[in-house]
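Starting from these lines, generate the structure:
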Amino acid sequence: MIKTAAVCLWFAGLGFGIPCLYGIWSLMKGKGIPYVLGFPSYGYGPFERMGIHTTLPLLSGFLLICVVECVAGYGLWNGDKGSAVLSLAIVPVELLFYYGFALPFGPPVLVLRLILLFLSWSSLN
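Presented below is the predicted three-dimensional model:
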């Protein structure tokens with residue numbers, strides 16, 4: 001179960017991080033919000049409706065969370081309890097970005113990760 005939770009972290013970190021890099025590149029080139037598979041990549045969601053426009057610092061913050069997910073996934077794969085704590089610590093920020101960017105696949109993967117993590121907590125080092 002721990003390894004599956006680690007895969008969930010990598011899935012979210014890479015699955016959202018790679019398009020985030022594309023979004024950062026597009027904004028840096030002045031091309032605006034890019035579209036990935038027909039959907040706006042990190043734009044036009046609730047953040048925009050609240051007046052928070054997609055900017056390089058906002059996307060960079062999300063990319064940082066994606067990198068932390070991947071790092072935590074590596075540690076969790078090896079059964080490290082500190083990595084499990086790290087993965088729990090970033091949950092509020094993840095949820096904020098998932099909501100603000102309207103990322104529908106983030107919360108289900110997050111819930112699965114949390115369930116697996118809590119069910120196998122005693123097996124961590």
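
just how off-centre is stretch 112-125 within its chain?
19 Å (Cα atoms, centre = their mean, to the nearest Å).

what does the average pLDDT come to for that stretch?
Mean pLDDT, stretch 112-125: 94.

In this structure, spot the helix with the most residues.
Ranked by residue count and defined by DSSP state H, the top helix of the chain is helix 2-28.

Name the next helix or strand downstream of that helix, please.
Using DSSP states H and E, the helix or strand that follows helix 2-28 towards the C-terminus is strand 35-36.

Which residues does that next one contact?
Identification of contacts with strand 35-36 by Cβ atoms under 8 Å, 6 or more residues apart in numbering yields 19, 22, 41. Where you see a C-beta, it was placed from the backbone N, CA and C, and this is true even at glycine.

Selecting buried members of the residues you listed in ChimeraX, what would you type?
Remark: buried members of the contacts of strand 35-36, expressed as a ChimeraX selection using 16 or more other Cβ atoms under 10 Å:
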select :19,41
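
Could you single out the nearest of the contacts of strand 35-36 to residue 66?
Nearest to residue 66, judged by Cβ to Cβ, of the contacts of strand 35-36 is residue 19 at 9.6 Å.

surely the closest one meets residue 39?
No. Proximity of residue 19 to residue 39 does not meet the contact threshold set by Cβ atoms under 8 Å, at 9.5 Å.

Overlap in contacts, those two.
With Cβ under 8 Å, 6+ apart, residue 19 and residue 39 have no common neighbours.

picking up where we left off before, got CSV for the contacts of strand 35-36, with distance to residue 34 and pLDDT too?
Shown next, in CSV, are the contacts of strand 35-36 (distance: Cβ to Cβ, whole Å; pLDDT from 0 to 100):
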residue, distance to residue 34, pLDDT
19, 8, 93
22, 6, 93
41, 5, 83
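
With distance to residue 71 added, can I get the contacts of strand 35-36 in TSV?
Formatted as TSV, the contacts of strand 35-36 follow (distance: Cβ to Cβ, whole Å):
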residue	distance to residue 71
19	19
22	21
41	23
